[in-house]
Structures are given as C-alpha cells and as structure tokens.
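# quick one, structure for this:
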Amino acid sequence: MSKIFVGRVTVEEMTSANGPWTKTRISFNREDLDKLALHMNEKGYVNLNFNRSKKGNEYCEIDTWQPSQSNHGYQVNPNPVPEAPKTYQNENNEDVPF
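Predicted coordinates:
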C-alpha cells in the first residue's frame, strides 16, 4: 500500500533557561481530517508516524499496518535455521559449552 501523507509538521530546536528542548507543531487541514476519518481502525483510532526524510524534513504519514489474522500479527519463519551451540572460553582458553 502506498504512503498516505497528512498534515504539516514543523520542528524547532529551542533553548531556554532550563536547557534545550524541541517544539513540534502539527497542522491538519480539512482534506487531512477527511483522510484521518477514512483510516480509523475498528476502535476509532488513527495511528500516525512522524518521520524525518533523508533531506532532514519532518513529515507525517498514516500508519496503515494491520496485523495478520493468524499468529497475533507475528510472522513465523517457515524454515527456521537452528542456532549453533554457543561455546565460551575459560581463562585457560578451553571451550566451555554453556
């Protein structure tokens, strides 16, 4: 599914007497609000991701991820690779399996 961008994000790094802090402003227009209403989940929430582009600009996108019906949203590897047993060396450089 393609990304759905909404809003306008402005981030300002500021300094006050209490030290540095970040001020983030998010604005939505009517079109953004319509998109948000269309993407509510079954509980009436919309999940948003606030990201920074490679160029350093902040943006907001609607998180459209949905868990799969099986395995409670987790993917199971059909061909798991067995882990090699871990061995450690003691002070005499002897392998100790534990």
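
# what lines up beside the one helix or strand residue 14 maps to in the sheet?
Using DSSP states H and E, residue 14 sits within strand 8-16. When pairing is defined by DSSP bridges, strand 8-16 lines up against strand 19-27 (antiparallel).

# give me the residues contacting the strand it pairs with.
Applying CB atoms under 8 Å, 6 or more residues apart in numbering, the contact partners of strand 19-27 are 7-15, 50, 58, 60. Every C-beta, even on glycine, is put in place using the N, C-alpha and C of the backbone.

# make JSON lines out of these and add neighbour count, distance to residue 39 and pLDDT.
Listed next are the contacts of strand 19-27 as JSON lines, based on neighbours: other CB atoms under 10 Å; distance: CB to CB, whole Å; pLDDT from 0 to 100:
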{"residue": "7", "neighbour count": "20", "distance to residue 39": "13", "pLDDT": "93"}
{"residue": "8", "neighbour count": "14", "distance to residue 39": "18", "pLDDT": "93"}
{"residue": "9", "neighbour count": "17", "distance to residue 39": "18", "pLDDT": "93"}
{"residue": "10", "neighbour count": "10", "distance to residue 39": "23", "pLDDT": "91"}
{"residue": "11", "neighbour count": "14", "distance to residue 39": "23", "pLDDT": "90"}
{"residue": "12", "neighbour count": "9", "distance to residue 39": "28", "pLDDT": "91"}
{"residue": "13", "neighbour count": "8", "distance to residue 39": "31", "pLDDT": "90"}
{"residue": "14", "neighbour count": "9", "distance to residue 39": "32", "pLDDT": "91"}
{"residue": "15", "neighbour count": "8", "distance to residue 39": "37", "pLDDT": "92"}
{"residue": "50", "neighbour count": "13", "distance to residue 39": "16", "pLDDT": "92"}
{"residue": "58", "neighbour count": "15", "distance to residue 39": "20", "pLDDT": "92"}
{"residue": "60", "neighbour count": "18", "distance to residue 39": "12", "pLDDT": "95"}
